[in-house]
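> return a 3D structure for these sequence lines:
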Amino acid sequence: MTKTKRTHPLGLLDHLAKSVKNWWPLFLIIIAQSQSWWGKLLIPAAILIFIIWPLISWWSISYRVTPTALEFHSGILVRHHEHIPYVRIQTVQRKQWFYLAPFHLEEVSVETASHEQGKPEVRLAAVKPEVAALIERYRQAVNAAPTDSTTAASTESVAIPTIQATYTLSTRTKWQFVLTSTGFIPILLVALGVYGKLPHNLIERLGSDLAHLSGLFLIIGGLAIALIAWLFTVVMLLIRYFHFRAIRTGDKIQVAKGLFQRNTITVPLQRIQAVRFKQNIFRQWLAIQTTQLLLASRAAAEDNNDDLVLLPAVTLQQSYADLRPFVDWAPTTSPDVSALNVTNGRRWLLVRNALLIALVPVAIATWLWPTWNALFDLVLIIAFGQGLFAANNTGGGIVNRHLLVLRTGHWWTRETYLVPLAKIQSVRLRQSIWMKRTHLMHLTVNVRHGNRNQAIALRYLTAEQAESIYNWYLTNAI
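Model prediction:
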């Protein structure tokens, strides 16, 4: 495929959608003022913005897949020419919207280490699946013979790597995963934020109307809102993780999922910065957890805060055994995390911090709305529990010369990190003048995560505990 090509005409829909997304206020103004003289003057501008400009943008994009590199050309007023050797490609992401599937088309995004924040170097809105397959084939050839990449890449017939590991989301684990999600909580917070933005006279009128209702009725109404938010989250997760499948072939991991948009992400193993096992409080009761990969790319930006979900729901006993076929350096059994635990004498420090964080806003809220004292007292009880939860779930240790395990507890979620020595950006010890007297330290391990830093912090360790990790890092990093 050495001939320069353009994306399929259906790719024009992507450019039209972007114009509507960026200029929707203008679109609403034209509709609202369609009968006025100045509204009619905006119609030519609307035609330019919503029809002509997207058409020119689509026509300006072309690409060429050569045996040595991927070439991409774009731009209307200023032309951009990208020449990307296959050895520089970090991730290839494939998406297939439902309207592209009947035409056997998909969206392909290619990302390298020099990509802009949240934007890949190459994005082909509608191309045949053969395009991504050919790019992957050339990449495999380059990786197979790095000393003679040109010769290797020029060979069209590259052996297809065998599948080394595969994982599919069974019906039982799928329902365990979606039913125990805490994604409905942000929806409730948004609802509270919207309530706070309502006009004061409307809020006062609602308050006077609700005052005539019984407390039981108000509780039922609140639970109904929470149930609706929870059901919405369940439906969205079922759509997102429809036909979830993860496979490993050679030195790459590929994850595919989605109903209306089939999203396929291919990531080289060397881009994995750390592995995170995540358990919210509901999944702790069921003894299941989610395995995520922290990547040095934005390929998983639509997953969960740049974390590529590899194993959505696995039991604690099987987590490491199921991970090992995908990640070679992971242990086969759960490592010991007791070396960095927080003993009873130091747990009250984390409880104290959680209470101090909640005390100021609760005090202000109690002064402004004294009738809601019981609710604000509940917030303090929750803060106390969160501090105790964080203390009980702080832990970690040295697995071997090249691997570290760290555990933290935030917002009722337990997170366990497997961090290879080679991926650690820095290790920091912090000690205040008061902590120096009690021989305590805060330990922070920094790894790359997407386009930012992931700081894994363990608080109120003994100086001996924190310095053991710091010395391990200094000794083996040389």
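
> which stretches of the stretch 351-478 of the chain have low pLDDT?
369-376, 478 (pLDDT under 70).

> can you give me the helices for it?
When assigned using DSSP state H, counting those that start in this stretch, the helices of the stretch 351-478 of the chain occupy the ranges 373-392, 433-438, 463-477.

> now stretch 386-394: how far from the chain's centre is it?
24 Å (CA atoms, centre = their mean, to the nearest Å).

> re earlier: so which of the helices of the stretch 351-478 of the chain gets nearest residue 82?
helix 463-477 (35.2 Å; CB to CB). C-beta here means a position set from N, CA and C on the backbone, and glycine is covered the same way.

> buried ones in that closest one, by neighbour count?
465, 466, 468, 469, 470, 472, 473 (16 or more other CB atoms under 10 Å).

> which residues touch the second one?
Which is residue 466. Neighbouring residues of residue 466 by CB atoms under 8 Å, 6 or more residues apart in numbering: 429, 441, 442, 443, 458.

> excluding chain neighbours, what is closest to the last one?
Take residue 458 and drop its neighbours on the chain: the residue closest to it by CB to CB, 6 or more residues apart in numbering is residue 443, 4.7 Å away.

> hang on, isn't the one you found packed against residue 455?
No. Using CB atoms under 8 Å, residue 443 makes no contact with residue 455, being 10.5 Å away.

> of those two, which one has the most company?
residue 443 (23 against 13; other CB atoms under 10 Å).

> before we move on, back to that, just the buried residues from the contacts of residue 466, in ChimeraX please.
If you want just the buried ones from the contacts of residue 466 in ChimeraX, going by 16+ other CB under 10 Å, the selection is:
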select :441,442,443,458
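
> of all the contacts of residue 466, which comes closest to residue 417?
Distances from residue 417 to these, taken by CB to CB, are shortest for residue 458, at 10.3 Å.

> from residue 266, how far out is that closest one?
Between residue 458 and residue 266 the distance is 33 Å, computed by CB to CB, to the nearest Å.

> with just CA atoms, put stretch 175-184 into CSV.
C-alpha atoms of stretch 175-184 as CSV (Å, rounded to 0.1, in the frame of the first residue of the first chain):
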residue,chain,number,x,y,z
TRP,A,175,-22.3,-8.9,36.2
GLN,A,176,-20.1,-8.9,39.3
PHE,A,177,-18.1,-6.2,37.7
VAL,A,178,-20.9,-3.9,36.6
LEU,A,179,-23.2,-4.4,39.6
THR,A,180,-20.4,-3.5,42.1
SER,A,181,-19.3,-0.3,40.3
THR,A,182,-19.2,3.0,42.2
GLY,A,183,-19.5,5.1,39.1
PHE,A,184,-22.9,6.3,40.2
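
> neighbouring contacts of that stretch?
Counting by CB under 8 Å, 6+ apart, residues outside stretch 175-184 touching it are 169, 226, 229-230, 232-234, 236-238, 241, 280-283, 286, 288, 290, 312-313, 412-413.

> rerun at 7 Å
Contacts of stretch 175-184 with the rest of the structure, by CB atoms under 7 Å, 6 or more residues apart in numbering, involve 226, 229-230, 233-234, 237-238, 280, 282-283, 286, 288, 312-313.

> how distant is that stretch from the center of its chain?
16 Å.

> how about it: buried residues?
Neighbour-count burial for stretch 175-184 flags 176, 177, 178, 180, 181, 183, 184 (criterion: 16+ other CB under 10 Å).

> what's the answer for stretch 281-300, then?
283-284, 288-300.

> can you pull the poorly scored residue ranges out of this structure?
Residues of the chain that meet the cut-off, pLDDT under 70, sit at 1-2, 34, 37-39, 113-118, 143-161, 186-219, 221-222, 298-306, 369-376, 478.

> which residues in the stretch 1-150 of the chain form strands?
Taking DSSP state E, counting those that start in this stretch, the strands of the stretch 1-150 of the chain run over residues 62-65, 69-74, 80-85, 89-97, 106-112, 122-127.

> got the contact list for the second one?
Outside of strand 69-74, the residues that reach it under the criterion CB under 7 Å, 6+ apart are 60-64, 79-86, 110, 121-122, 135.

> out of those, which are buried?
Neighbour counting by 16+ other CB under 10 Å classes 60, 61, 63, 84, 85, 86, 110, 121, 122, 135 among the contacts of strand 69-74 as buried.

> distance of residue 11 from residue 451?
Taken as CB to CB, the span from residue 11 to residue 451 is 26 Å.

> of those two, who's got more company?
Taking other CB under 10 Å, residue 11 and residue 451 do not tie; residue 11 has more neighbours (21 against 14).

> pull out the buried positions in stretch 355-367.
Result for stretch 355-367 [16+ other CB under 10 Å]: buried residues 355, 358, 362, 366.

> from those, pick the one nearest residue 433.
Checking those one by one against residue 433 (CB to CB), the nearest turns out to be residue 355, at 22.4 Å.

> can you pull the contacts of the closest one?
Counted by CB under 7 Å, 6+ apart, residue 355 has contacts 380, 383, 384, 387.

> in ChimeraX, how would I select just the buried ones from the residues you listed?
Provided next is the ChimeraX selection string for whichever of those are buried by 16+ other CB under 10 Å:
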select :383,387
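
> the strands of the stretch 1-150 of the chain: which one's closest to residue 22?
Here strand 122-127 is closest among the strands of the stretch 1-150 of the chain (CB to CB), at 15.8 Å.

> so what touches that closest one?
Under CB under 7 Å, 6+ apart, the answer for strand 122-127 is 7-8, 10-11, 14, 63, 70, 72, 82, 84, 100, 105-110, 131.

> ok, residue 425 touching residue 446?
Yes. Here residue 425 reaches residue 446: they are 4.5 Å apart, a contact under CB atoms under 7 Å.

> before we move on, back to that, pull the most distant pair out of the buried residues of stretch 355-367.
Distances among the buried residues of stretch 355-367 were taken as CB to CB; the most separated pair is 355 and 366, at 14.6 Å.

> and of the contacts of residue 355, the nearest to residue 329?
Out of those, the member with the shortest distance to residue 329 (by CB to CB) is residue 387, at 33.8 Å.
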